[in-house]
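Peer 1: predicted structure and sequence below. I'll ask about it afterward.
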Protein chains: 2
Amino acid sequence: MVTLAEVAQHAGVSASTVSYVLSGKRSISATTRTRVEQSIRELGYHPNAGARALASSRSNIIALMIPLRTDMYVPVMMEIAIAVATTARTHGYDVLLLTGEEGPDAVRRVTGSGLADAMILMDVQLDDERLPLLRGTDQPSVLIGLPADTTGLTCVDLDFKATGALCVEHLAMLGHRDIAVIGEAPAVYERHTGFAERTLDGLRLRSQELGMRLLHRPCEGGYDAMAVTLARILDERPATTGFVVQNESAVEPLLALLRQQGRAVPEDVSVVGVCPDQVAVQASVRLTSVSIPAQEMGRHAVEQLVAKLEGRGSDEVVLIAPELTIRASTGPAPSAAH
Amino acid sequence: MVTLAEVAQHAGVSASTVSYVLSGKRSISATTRTRVEQSIRELGYHPNAGARALASSRSNIIALMIPLRTDMYVPVMMEIAIAVATTARTHGYDVLLLTGEEGPDAVRRVTGSGLADAMILMDVQLDDERLPLLRGTDQPSVLIGLPADTTGLTCVDLDFKATGALCVEHLAMLGHRDIAVIGEAPAVYERHTGFAERTLDGLRLRSQELGMRLLHRPCEGGYDAMAVTLARILDERPATTGFVVQNESAVEPLLALLRQQGRAVPEDVSVVGVCPDQVAVQASVRLTSVSIPAQEMGRHAVEQLVAKLEGRGSDEVVLIAPELTIRASTGPAPSAAH
DNA sequence: ATAGGTTGTCGAAGCGCTTCGACAGCTTTT
DNA sequence: AAAAGCTGTCGAAGCGCTTCGACAACCTAT
């Protein structure tokens, strides 16, 4: 294992000079710099992470807490995680992967041990028990998601309320008046994950403003659950012509069931998804959808964090504006054509 | 930030005593131990990770390299990653998330800097460029996947060859004679990811032994690609009654297309999947499948690694035996019923 | 030519921990 | 009763780096 001292000796300079070449915190003459860099290359030197962390009290590591349960939005989580990891690397940080399992203890452990310089939390509950800890420490953090109280916190998320509104507007514009919302599994609402409720808020508010009827039903996803849910919806509101689906694993079952019942998409009914683009594109009817900008959220979170670590940046809530992509699953309401 | 020295002072012992209480590497009297533990709790002490790493040259971190591209098996990757993280924690390790982006350089960086004590590599190519580096270092590593040459390496993977054989046997037992294999995207075969080819080997070998006809077609996944692929298959081998699908995003399209063509599953054709259980269960016809034991692979990999780090354990290839779960998508071949 | 600035380099201290050898105070063996 | 062995604790060295103050060596202004 090559050390700083060996590089210094090889280059004929002192250890501190090598350190300054590496960090750029003091000016170094061009000749010395190139000589040192040459030695570093020749010897294959890599600074020791532990020593560095000890001396500088900076680990250059960002902790990422991902939810343990993988019952929803797995590809989105993965995409965020990967975006976080790659973006972090471009800023010289590595990423430590924590699962939600340890809960608040993980926050204490990481903060207390100096293992990481900062944290990113995913899957934040409206009233998350980790939040007081984050507020009580001076270690920077960013949430992906939106808790009930954001004071003193930095958050990045899709603007789900606007997303709901956008879906409704699109359907309204096409002449739909009766809309059904296929939501996430009941458990998601019960544990008060903000995004599902915020979407619903947006849907309700805008549909009310536009004088539309809205029916919301959570759904476990999968064929059997979707069949039951759909039957109930059509029973209760036979005039339904527009669907908004916020549940990856309900998309395909819904399309299949509609087809099976002889309801053509988009001729008879329109379907709007809130899901990753990949899901929308791979569906049997290419789905008009608001995409979940996973990469953007991950990248954003890291950039906020890096800004904080460098003393720039402050607490703020960044809501990414939703974008609706029109594909083949929405069209004019049948009654509107008459 | 509380330090060892402060704990020592608070407990009225020397720093080294506290250290030994923590590590258990020397015997400590019960009274002293409890007193120290008390102080640790009262002061909320957490050992500094950097200092620890520097002094012991052990970081207690395991690096996990996941593939950057998320074009396949995303949920599986995620499940493995989570299993790795939670298993690692039970052994006192944290997990550093690396993306494939840096390639071999990441291996050099991690090894050289002592950032991690060991590595787990996912998505190993048959002739992976990281392998020579792994062989050339004394840092323990485990591969999830199987390269062409495994000498000096430890690997964990599903026995895909046996998986292929198992699928064929199941279909053979049901009387099917003409089988089509819907594979991963062509790119997967081109980049020589072992698992796809090994499955194919198993399929081919066993079907030959059993005197069955086998047709293999890679497929991008999604409806359009699947439609084209299926048409070609049925054109070339109209007698096909059994399908083996090794491509998550082709499962649902295949089922939908078969239905659409009036071929009932499992009455007219049988379908066997090689996919995570979740995919098999959520499909429109509950799929007979060989599951990808993601959790088990992740757990296994960590346990191998920990064994190595503790001086136990050696290089070996662990192939997990495939398990076929019979669900609703396979049944007797129609000709067999005549 | 001298005072005052820059610029580039060095030496030394110290980050918080682990670990080794030393040793005091016991207990056991001969 | 002396020798030998344990047990439990301590002090000190050192892990490889960053960073601060010091200071030559040079450059500019007076």
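Peer 2: On my side now, so go ahead. Keep in mind that what you see is a predicted model, and the values were worked out from it rather than measured.
Peer 1: going forward, measure contacts between C-alpha atoms and count neighbours the same way
Peer 2: Fine.
Peer 1: show me where the stretch 1-150 of chain A has strands.
Peer 2: Shown for the stretch 1-150 of chain A, the strands assigned by DSSP state E, counting those that start in this stretch span residues A:61-66, A:94-99, A:118-122, A:141-144.
Peer 1: turn those into TSV, including mean neighbour count.
Peer 2: Output for those, formatted as TSV (neighbours: other CA atoms under 10 Å in any protein chain shown):
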stretch	mean neighbour count
strand A:61-66	24
strand A:94-99	26
strand A:118-122	25
strand A:141-144	25
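Peer 1: who wins for proximity to chain B among these?
Peer 2: strand A:94-99 (4.4 Å; CA to the nearest CA).
Peer 1: hang on, the earlier thing: in a markdown table, list the strands of the stretch 1-150 of chain A along with mean pLDDT.
Peer 2: As requested, the strands of the stretch 1-150 of chain A are arranged in a markdown table below (pLDDT from 0 to 100):
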| stretch | mean pLDDT |
| --- | --- |
| strand A:61-66 | 96 |
| strand A:94-99 | 97 |
| strand A:118-122 | 96 |
| strand A:141-144 | 96 |
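Peer 1: ok, which of the ones you listed comes nearest B:Ala15?
Peer 2: Closest of these to B:Ala15 is strand A:61-66, at 27.8 Å (criterion: CA to CA).
Peer 1: from A:Pro104, how far off is the closest residue to DNA strand C within the stretch 101-250 of chain A?
Peer 2: Nearest to DNA strand C, among the residues of the stretch 101-250 of chain A, is A:Ser113, at 7.6 Å (CA to the nearest atom of the strand). Per CA to CA, to the nearest Å, A:Ser113 is found 14 Å from A:Pro104.
Peer 1: and the pLDDT at the residue of the stretch 101-250 of chain A closest to DNA strand C?
Peer 2: With respect to pLDDT, A:Ser113 scores 97.
Peer 1: burial measure for it, as a count.
Peer 2: Applying other CA atoms under 10 Å in any protein chain shown, we find 20 residues neighbouring A:Ser113.
Peer 1: what sits against it?
Peer 2: B:His46, B:Pro47, B:Asn48, B:Ala49 (CA atoms under 8 Å, 6 or more residues apart in numbering or on different chains).
Peer 1: now do the closest residue to DNA strand C within the stretch 51-200 of chain A against DNA strand D, distance only.
Peer 2: The nearest approach of the stretch 51-200 of chain A to DNA strand C comes at A:Ala55, 3.3 Å away (CA to the nearest atom of the strand). Noted for A:Ala55: a distance of 4 Å to DNA strand D, by CA to the nearest atom of the strand, to the nearest Å.
Peer 1: kindly report the same for A:Val124.
Peer 2: Taking CA to the nearest atom of the strand, one finds A:Val124 at 33 Å from DNA strand D.
Peer 1: excluding chain neighbours, what is closest to that residue?
Peer 2: A:Gly145 (5.6 Å; CA to CA, 6 or more residues apart in numbering or on different chains).
Peer 1: now A:Phe195: closest residue in space, sequence neighbours ignored.
Peer 2: Spatial nearest neighbour of A:Phe195, chain neighbours left out: A:Phe160 (6.1 Å); criterion: CA to CA, 6+ apart.
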